[in-house]
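Peer 1: Below is the structure, and that's it, no one-letter string:
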């Protein structure tokens, strides 16, 4: 019975992860297609506001609606404020990246996040990092440099922005370690999104990026950025709750070939020469980190069995 249950959870987790990748990629495609018409701050407001829709379903599904406004404290609010500002940074830099770069290159560079998580865990969580993780960090950043090619003619200043996406995403994940385990995902997401919406509105108010929406189709697409992006993020959380991160994380790298395929279909982009061999180094470095995490989990599990 337990074996059957495990298999079901595995299929559900992988399915949620793959669907999440498709939704995030679709959301990125819409942003790139609208980027020439509307400002990044205007798109950011729509993305964050309409992300409330899937969040409402998450709250109702988790039956956590009665606890959302209870047991709030200063530490929790500060953590959600940091995460909200991180999300604002993630989205604004993501928009700038996909609008101004070839889609597959922008998406691939965001996969630098595992290396930032490893680095930030040293300084913020005081984690000890061994030779394997340091090797992965070095290999990963070499892969990033190979794709960016800062000394060549193909280098564009916009390639810095996907790295900022990876950094702020990693920081938002690290601060979660300070949230007590008894606080639900829905509650964390609710307050993080609240501060992210405030950040987006402030950027919009102090920018000169207002553009009249040209059609109902554009309005629909702008609303879908929030629904697709928000749902994709929730599916990622759902997947990681069903399955060990070290076992599930390799499936995230399917986002690299999917972004390449979508970039080719929608924008006729095929940056194969610029992606290789850097993309191989990024994936290899990520796999080293995943392998070490899995080995650490197995060791901890064996120690528990022994005692």
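Peer 2: That came in fine, so what should we check first? None of the values given here were measured: they were computed from a predicted structure. Numbers count the residues shown, from 1 in each chain.
Peer 1: Point out where the chain drops to low pLDDT.
Peer 2: Within the chain, the ranges that satisfy pLDDT under 70 run 1-7, 64-66, 150-155, 208-209, 244-247, 249, 293-294, 296-307.
Peer 1: Show the residue spans covered by the helices in it.
Peer 2: Taking DSSP state H as the test, the helices found in the chain are 2-34, 40-50, 52-61, 74-100, 103-109, 113-123, 131-148, 160-174, 185-205, 216-242, 245-252, 255-267, 272-275, 278-306.
Peer 1: With distance to residue 67 and mean neighbour count added, can I get the ones you listed in a markdown table?
Peer 2: Heads up, the C-betas are built off the backbone N, CA and C, glycines and all. What follows is the helices of the chain, written out as a markdown table (distance: least, C-beta to C-beta, whole Å; neighbours: other C-beta atoms under 10 Å):
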| stretch | distance to residue 67 | mean neighbour count |
| --- | --- | --- |
| helix 2-34 | 24 | 17 |
| helix 40-50 | 23 | 23 |
| helix 52-61 | 9 | 16 |
| helix 74-100 | 12 | 20 |
| helix 103-109 | 36 | 26 |
| helix 113-123 | 29 | 19 |
| helix 131-148 | 37 | 18 |
| helix 160-174 | 22 | 21 |
| helix 185-205 | 7 | 19 |
| helix 216-242 | 17 | 19 |
| helix 245-252 | 26 | 17 |
| helix 255-267 | 33 | 18 |
| helix 272-275 | 45 | 14 |
| helix 278-306 | 30 | 15 |
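Peer 1: Can you lay out these as TSV showing distance to residue 68?
Peer 2: Below are those laid out as TSV (distance: least, C-beta to C-beta, whole Å):
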stretch	distance to residue 68
helix 2-34	23
helix 40-50	18
helix 52-61	7
helix 74-100	12
helix 103-109	33
helix 113-123	28
helix 131-148	37
helix 160-174	20
helix 185-205	6
helix 216-242	16
helix 245-252	26
helix 255-267	31
helix 272-275	43
helix 278-306	32
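Peer 1: residues contacting residue 134?
Peer 2: If a contact means C-beta atoms under 8 Å, 6 or more residues apart in numbering, then residue 134 has no contacts.
Peer 1: My error: substitute residue 93 in the last question.
Peer 2: Residue 93 is in contact with 161-162, 164-165, 168, counting by C-beta under 8 Å, 6+ apart.
Peer 1: Go again with 6 Å.
Peer 2: For residue 93, the contacting residues are 161, 164-165, by C-beta atoms under 6 Å, 6 or more residues apart in numbering.
Peer 1: before we move on, what about residue 54?
Peer 2: 230-231, 234.
Peer 1: State the distance from it to residue 194.
Peer 2: To residue 194, residue 54 is 15 Å away according to C-beta to C-beta, to the nearest Å.
Peer 1: got it, and residue 214?
Peer 2: According to C-beta to C-beta, residue 214 and residue 194 sit 30 Å apart.
Peer 1: centroid residue for this protein?
Peer 2: Against the mean C-alpha coordinate of the chain, by C-alpha atoms, centre = their mean, the closest residue is residue 169 at 5.8 Å.
Peer 1: May I ask you to confirm that that residue is in contact with residue 90?
Peer 2: Yes - the pair residue 169 and residue 90 passes the contact test of C-beta atoms under 6 Å, sitting 5.1 Å apart.
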